[in-house]
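Asks: Below are the sequence and a predicted model for it; my questions follow.
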Amino acid sequence: MTIEDARIYCLSKPHVTEDMPFGDDYVAFRVGGKIFAGLPLEKPNLLVLKCDPEMFDEMVAQYSAIEQAWHWHKRLWMQIHLDDAEITTELVKYLTDIAYKLVYSKLTKKAKAELEL
């Protein structure tokens with residue numbers, strides 16, 4: 001999977017927006033104003049995703065291409081080396097879906113209702 005494939009998949013999720021809150025070298029994907037994924041453009045083979053701590057431990061143990069995301073909260077954010085042979089498109093989509101659901105599930109009822117308008 002390329003970063004453009006990852007970008008397109010993130011944007012395919014309902015109510016997702018993209019912006020560059022940290023400058024021209026980082027694209028963030030949000031739902032309800034909250035970031036669930038990011039693409040650090042200075043490292044074009046990385047995808048950063050929100051995760052729960054238990055999942056983080058499991059993924060890091062299972063895949064050498066998944067590690068703690070640089071400059072993000074330890075164990076709540078992982079970075080995936082998209083160009084690694086062990087990382088499949090299906091795995092990236094699965095982890096992106098989980099990241100999206102984690103963030104969406106923590107939105108307030110009001111925020112969710114506003115998204116549905």
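Replies: Cool, got the structure.
Asks: Please, which helix or strand holds Thr17?
Replies: strand 16-19 (DSSP states H and E).
Asks: Mind giving me the packing neighbours of that strand?
Replies: Applying 3 or more CB pairs under 8 Å, 6 or more residues apart in numbering; DSSP states H and E, one finds that strand 16-19 contacts helix 3-11, strand 26-31. C-betas here are computed from N, CA, C, even on glycine.
Asks: in that strand, what's buried?
Replies: Applying a neighbour-count criterion of 16 or more other CB atoms under 10 Å, one finds Val16 buried in strand 16-19.
Asks: do the same with stretch 15-34
Replies: 16, 26-32.
Asks: Pull the residues that contact stretch 101-117.
Replies: 14-15, 31-36, 50-52 (CB atoms under 8 Å, 6 or more residues apart in numbering).
Asks: mind listing which of those are in strands?
Replies: In strands, defined here by DSSP state E, the members of the contacts of stretch 101-117 are 31, 34-36, 50.
Asks: centre of the chain versus the strand holding Thr17, how much separation?
Replies: With CA atoms, centre = their mean, to the nearest Å as the basis, strand 16-19 stands 12 Å off its chain's centre.
Asks: In its sheet, which strands sit next to that strand, and in what direction?
Replies: strand 26-31 (antiparallel) (DSSP bridges).
Asks: Go through the longest helix belonging to the chain and flag the buried ones.
Replies: Counting by DSSP state H, the longest helix found in the chain is helix 89-105. Within helix 89-105, the residues that count as buried by 16+ other CB under 10 Å are 91-92, 95-96, 98-100, 102-104.
Asks: what's next to stretch 25-38, contact-wise?
Replies: With CB under 8 Å, 6+ apart as the criterion, stretch 25-38 contacts 6-7, 10-11, 13-22, 39-42, 47-50, 96, 99-100, 102-104, 106-107, 111-112, 114-115.
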